[in-house]
Structures are given as structure tokens and as C-alpha cells.
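A.B. asks: After the sequence you'll find the predicted model.
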Amino acid sequence: MIYEVANKPKRLSYLLLDEAISFACNFLDLDIDFTLEFVKLKPYQCGFCDYDEEEIILTVSKSLSKDDMIKTIFHEMVHIKQYLDGRLENGSPPIWLGIIYEDRYENLPWEIEAFELEQKMVKEFYG
């Protein structure tokens with residue numbers, strides 16, 4: 001696993017970031033190379049990921065607290081796992097297990113799974 005970081009906020013140490021990313025990769029059984037960028041997002045956005053066969057980019061709001069940044073990284077890495085497993089496909093709207101879903105954000109099956117795994121990772125990571 002190799003990752004590059006852009007615009008890391010000072011309140012988030014490289015040590016914590018590296019521990020969190022290593023933990024998430026082990027937890028999700030991921031061996032990926034990606035870019036992690038911290039940017040200003042809209043107030044209701046925590047982060048998102050862009051995935052294609054050439055590149056993986058995780059984008060996290062730089063206005064979040066340190067712990068919320070870690071939680072968002074965990075959440076977005078679940079989506080990467082879903083893409084790599086072939087369960088989630090890019091599209092507008094996205095496709096989950098071959099089915100097109102157009103529903104509220106919190107009702108989308110890939111988001112339900114991401115929130116559940118995010119919470120498990122947070123609990124285990126912080127012990």
C-alpha cells in the first residue's frame with residue numbers, strides 16, 4: 001500500500017494518519033495505492049471517493065475535527081472495498097449488486113454498510 005497526502009491539516013499528525021490508514025487496510029483486507037486529499041467541502045459534506053481502474057482518490061473535508069477525519073477516511077475506504085469487490089459501480093445513479101438505486105442517501109445499501117463498518121472500525125481503532 002502506498003498513499004500520497006495533499007493539504008493535510010496540521011491538527012492531524014502523520015503518525016495518526018498512517019496508523020489509521022494501515023488499520024483500515026488491514027481491517028478491510030485492502031492492498032491499494034491511493035491519494036488522500038484534504039479540501040474545503042460544503043458544510044454537509046464530510047468526504048467522498050473517486051474510483052476508476054487508473055486511480056483512487058479519497059477526499060476529506062479539512063474543516064472536520066481530527067477524529068471525524070479518521071472516521072471519514074474509514075467510511076470512504078469501505079466504499080473503495082465495495083468498488084474493488086465489484087458490488088458498487090460508478091454511475092449516475094450508482095449501481096449496487098447490479099441494481100440501480102435512487103433513494104435517500106441514508107437508505108442506500110452501500111452507505112448503510114459503510115456507516116456500519118465505519119463504526120466498527122472507529123470502536124476497534126480507538127479501543
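C.D. replies: Nice, thanks for sending it over.
A.B. asks: Which helix runs longest in this protein?
C.D. replies: Ordering each helix of the chain by length in residues (DSSP state H) puts helix 66-85 first.
A.B. asks: What average pLDDT does that one get?
C.D. replies: The average pLDDT for helix 66-85 rounds to 97.
A.B. asks: And the strands in the protein?
C.D. replies: 2-6, 33-39, 47-51, 56-61, 88-89, 95-96, 99-100 (DSSP state E).
A.B. asks: winner for burial among those?
C.D. replies: strand 56-61 (a mean of 22; mean count of other CB atoms under 10 Å). Glycine gets a C-beta too; all of them are placed from N, C-alpha and C.
A.B. asks: starting at the chain centroid, how far to that strand?
C.D. replies: Centroid separation between strand 56-61 and its chain, computed with CA atoms, centre = their mean, to the nearest Å, is 7 Å.
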